[in-house]
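In: Show me the folded form of this:
(one chain, ligands or ions: 1)
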Amino acid sequence: MRAKALSVAGFDPSGGAGILADVRTFNRYGVYGAAVITAVTFQNTSGVEGVLPLSPEDVRHQMETLLRDMDFHSFKVGMLANAPIALVVSETLKEHGVKNLVLDPVIRSSSGATLLEGEGVDVMVETLFPISTVITPNVPEAEVLASLEIKGEEDMLRAARKVLDLGPKAVLVKGGHLKGDVYDVLVVRKPDGERVYRFRAERLKYDVHGTGCVLSSSIAALLALGYDVITAVSMAITDMRNALKERAVRVGKGRRVLF
Ligand code: PXL
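Out: A predicted model of the protein is given here:
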């Protein structure tokens, strides 16, 4: 049977981020992709101009209809828009028995638009963190989630450990927003303690839209194919580095996207 993954995330019409990028990424790994939309965004490769969340009832309806029909080998949750949507996503995932959940805790776009508002962060932490296999915050998100300022690698590790205490099996803090060479830190909970892995890369000259969506979807695709978390994360990071060098294309007037 073919591996199948589900993305629950926002719609970015440019295709650089959100569910279009997620399903394209699943397909790259030979994984069938389905998607439930949480919100329509109004954006292009230069930035987000607006957000229209669906009603929580409509998000539930999409999920229940789909999950009655299809079994998924992994799930990726991205932009949740607000607290009521975060709650119905966690409820329906729990009702249907979630496994291999990659949560990209999207809070704000690079251009500054709010993608998870109000109590949304608290509801995401309380209801989705405990059922997540891996959470993939960038530095600004990790600062919010861990309530600390991140200036370097040791702060990233400290933040990753604080987020790990909120319930997921693993946390990957992505260091792309810091200056200099890029390093990502993965902390994994094991029965005999925790393991820490560090990934280092050279910084490229240009900024690319949608990398968070593509990385989290790559991890979800690899989990759907049966890889363990540590292997899935390290393969996804290697694939991301190659993609940034070889497949970062200009499709509009703003930032590049991965294709
Ligand atoms: O990269 C964060 C992100 C996630 N999901 C959607 C987005 C964005 C950023 O613009 O539009 C739908």
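
In: Show the pLDDT at the residue sitting furthest away from the middle of the chain.
Out: The centre of the chain is farthest from one residue, Asp192, which by C-alpha atoms, centre = their mean lies 27.2 Å away. With respect to pLDDT, Asp192 scores 91.

In: Repeat that for Ala201.
Out: 81.

In: Leaving out chain neighbours, which residue sits closest to it?
Out: Closest residue in space to Ala201, ignoring its immediate chain neighbours: Val182 at 4.8 Å, by C-beta to C-beta, 6 or more residues apart in numbering. Every C-beta, even on glycine, is put in place using the N, C-alpha and C of the backbone.

In: quick one: contacts for the one you found?
Out: 175-176, 200-203 (C-beta atoms under 8 Å, 6 or more residues apart in numbering).

In: Now find how far off-centre whichever strand in the chain runs longest is within its chain.
Out: Counting by DSSP state E, the longest strand found in the chain is strand 32-44. Centre-to-centre, strand 32-44 and its host chain are 13 Å apart (C-alpha atoms, centre = their mean, to the nearest Å).

In: which helices and strands does the helix or strand that comes right after it pack with?
Out: Per DSSP states H and E, the first helix or strand lying C-terminal to strand 32-44 is strand 47-53. Here strand 47-53 touches strand 32-44, going by 3 or more C-beta pairs under 8 Å, 6 or more residues apart in numbering; DSSP states H and E.

In: could you check the angle strand 47-53 makes with the strand it packs on?
Out: On the basis of axes from the mean of the first three to the mean of the last three C-alpha atoms, to 10 degrees, strand 32-44 is oriented at 120 degrees to strand 47-53.

In: Any stretches of the stretch 101-250 of the chain with poor pLDDT?
Out: Along the stretch 101-250 of the chain, no part satisfies pLDDT under 70.

In: Write out the residues of it neighbouring the ligand.
Out: Counting by C-beta under 6 Å from any ligand atom, the stretch 101-250 of the chain comes close to the ligand at 106, 109, 115, 212-213.

In: Let's see if you can find the most crowded of these.
Out: Within these, neighbour counts (other C-beta atoms under 10 Å) peak at Cys213, which reaches 30 neighbours.

In: Over to the residue lying closest to Gly47 once chain neighbours are set aside. Which of the three states is it?
Out: Distances taken as C-beta to C-beta, 6+ apart put Ser111 closest to Gly47, at 3.4 Å, once the chain neighbours are dropped. Look at Ser111: counting by DSSP: H, G, I helix; E, B strand; the rest coil, its state is coil.

In: And for Thr92?
Out: Under three-state DSSP, Thr92 comes out as helix.

In: any idea how far the ligand is from it?
Out: Distance, Thr92 to the ligand, using C-beta to the nearest ligand atom, to the nearest Å: 19 Å.
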